[in-house]
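Visitor: what would the 3D arrangement of this be:
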Amino acid sequence: MVFSNLVFLFIFLPLVLGSYFLVRKELQNYLLLGFSLVFYAWGEPKYVVIMIFSIILNYISGYLVHTFRNHKNLKKITLTVAIISNLLVLGYYKYINFLVENINELFSMNIQIDPVVLPIGISFFTFQSMSYVIDVYRQPDEVQKNPFHLALYVALFPQLIAGPIIRYNEIAAQIRKRFVNLEKFSEGLRIFIIGLSKKVLIANQVGFVADAIFNKPASEMSVLLAWIGIIAYSLQIYFDFSGYSDMAIGLGKMFGFDFSRNFNYPYISKSIGEFWRRWHISLSSWFRDYVYIPLGGSRVSKFKSYRNLFIVWGLTGLWHGASWTFIAWGLYYGVIIAIERAWLGKILEKLWSPIRHTYVILIFLIGWVFFRADNFSYSFDFIRTMFGANHQPLYDKLAIYYLYDYGAVLVLAMIVSTPVIPYLNKKINKLITGAVLHHSKQLMISGIFLFLLIINIVHMVNSTFNPFIYFRF
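Guide: Got it, this is the predicted structure:
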């Protein structure tokens, strides 16, 4: 089930909200857990077994780590077994097809297996589960002895499918006790509508353009068409994923949970390092805290520091998918961040801000080509077309068509991907001083959100194009 779905909006969500606020507080967690399992099982019920196995595995592992807290070797062995077990489950479902394919290619073999289907959200709930056990290892008092509380942490439906990746210590207290008032519920509803609008009104629209262009051979595109395609995809993946994160954060607030922000206008960055501090913040911080720092981070020799950097970025690429293009995409950013750390960063700091922004935009546009393309051949061919190296015309009729029909939504998406709206809202608030004006503003904002919700519903009724990009990961 997805959030931008009429069944979710008009059946599942009203049902879970109505039930949640009708039952006694001590039953609310169990109710949420039950609905979360139904939510995950909606498409493929059999994969719930994998998630339940993950919950049981990590509950027992965390409990044992806590039990062995005064026995260093046993505690370390338990943690190691837990991490390996989690990675084996994730590795089988996510990478076995890729592994067999490469073994066959490398050794001229013909190993045959039935294709293994990737369970939705397995990367997210596996990382959350591992972080719980690791945190218990670091701080034994963090252990959760109530298995249903841990199960709710892993399975909680707002962030189950595509994050953000929540640390257990961030919401442990909220699982035990939380509150919802009208103000918090209203805030959550507004954030949810913003996320839904990002997804339905922007990501789906520009995504149609991106898919149509990337389905064409790069050698048949004009230069302008290639640029429209990659700009459209860059906007699609941002609004698709940040929209989902906003919806998850908004839904969480409706039930009393406060999830951390997952995106902070990454496309306004002035360096690639900054870009990754603003994009998919929960994943970047996960790799920092559970891989980079344990390896020694930057507090080691220069060689080891760069080694750690490349390990993290190679794993980041691999986390996103079982493909050499994803690994190359991760290492691509590792190289650029290494260069920025070595000398480029100091130069960038002295440059005019628009030049720095242009540099970042160019880097991530090229990076998204590798992320979107299915193979290296298409990636390089597409990039050559972007820069006119394929001797293609500067523009063609199809490029003009997309500019004419989708130019407005592309420009709107570019504007909304910057903090222009929060900036204008801040300026307006400074001008509003009287209670009457403030009340009028609140009524107007409520009307805008109601209008957005209606427009979203109309689009959802009329559209069949509704994929979530990060469901693949």
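Visitor: what comes up buried for the longest helix seen in the chain?
Guide: Scanning the chain for the longest helix, with DSSP state H as the assignment, gives helix 72-107. Under the neighbour-count criterion of 16 or more other Cβ atoms under 10 Å, helix 72-107 has 75, 78-79, 82-83, 85-86, 89-91, 93-95, 97-98, 100 buried. Placement of C-beta: from N, CA and C, glycine included.
Visitor: just after it, pick out the following helix or strand.
Guide: Sequence-wise, the next helix or strand downstream of helix 72-107 (DSSP states H and E) is helix 122-138.
Visitor: which strands and helices sit next to that following helix?
Guide: helix 48-67, helix 72-107, helix 147-155, helix 157-160, helix 168-176, helix 281-287 (3 or more Cβ pairs under 8 Å, 6 or more residues apart in numbering; DSSP states H and E).
Visitor: 7 Å instead, please
Guide: Counting contacts by 3 or more Cβ pairs under 7 Å, 6 or more residues apart in numbering; DSSP states H and E, helix 122-138 is packed against helix 48-67, helix 72-107, helix 147-155, helix 168-176.
Visitor: the longest one vs helix 122-138, what angle?
Guide: An angle of 150 degrees separates the directions of helix 72-107 and helix 122-138 when computed by axes from the mean of the first three to the mean of the last three Cα atoms, to 10 degrees.
Visitor: now find how far off-centre helix 72-107 is within its chain.
Guide: Relative to the chain's own centre, helix 72-107 is displaced by 23 Å; criterion: Cα atoms, centre = their mean, to the nearest Å.
Visitor: so what does that helix touch, helix or strand wise?
Guide: Packing contacts for helix 72-107, counted by 3+ Cβ pairs under 7 Å, 6+ apart, involve helix 48-67, helix 122-138.
Visitor: what is the longest one packed up against?
Guide: This points to helix 48-67. For helix 48-67, the packing partners by 3+ Cβ pairs under 7 Å, 6+ apart come out as helix 25-41, helix 72-107, helix 122-138, helix 147-155.
Visitor: quick one: buried residues of the first one?
Guide: Of the residues in helix 25-41, those buried under the neighbour-count criterion (16+ other Cβ under 10 Å) are 28-29, 31-33, 35-40.
Visitor: may I see the buried residues of stretch 309-326?
Guide: 309, 312-323, 325-326.
Visitor: among those residues, which two are most distant?
Guide: Spatially, the most separated pair among the buried residues of stretch 309-326 is Leu309 and Ala322, at 22.4 Å (Cβ to Cβ).
Visitor: re earlier: quick check, nearest of the buried residues of stretch 309-326 to Ile120?
Guide: Gly321 (13.8 Å).
Visitor: quick one: pLDDT of that closest one?
Guide: Looking at Gly321, its pLDDT is 87.
Visitor: now swap in Gly434 and tell me
Guide: Gly434 carries a pLDDT score of 62 in this model.
Visitor: and the one 10 residues further on, by the same measure?
Guide: Here, the pLDDT recorded for Met444 equals 83.
Visitor: distance to Arg190 and mean pLDDT added to the helices and strands packed on helix 48-67, as CSV?
Guide: Converted to CSV, those look like this (distance: least, Cβ to Cβ, whole Å; pLDDT from 0 to 100):
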stretch, distance to Arg190, mean pLDDT
helix 25-41, 21, 93
helix 72-107, 35, 93
helix 122-138, 25, 93
helix 147-155, 25, 94
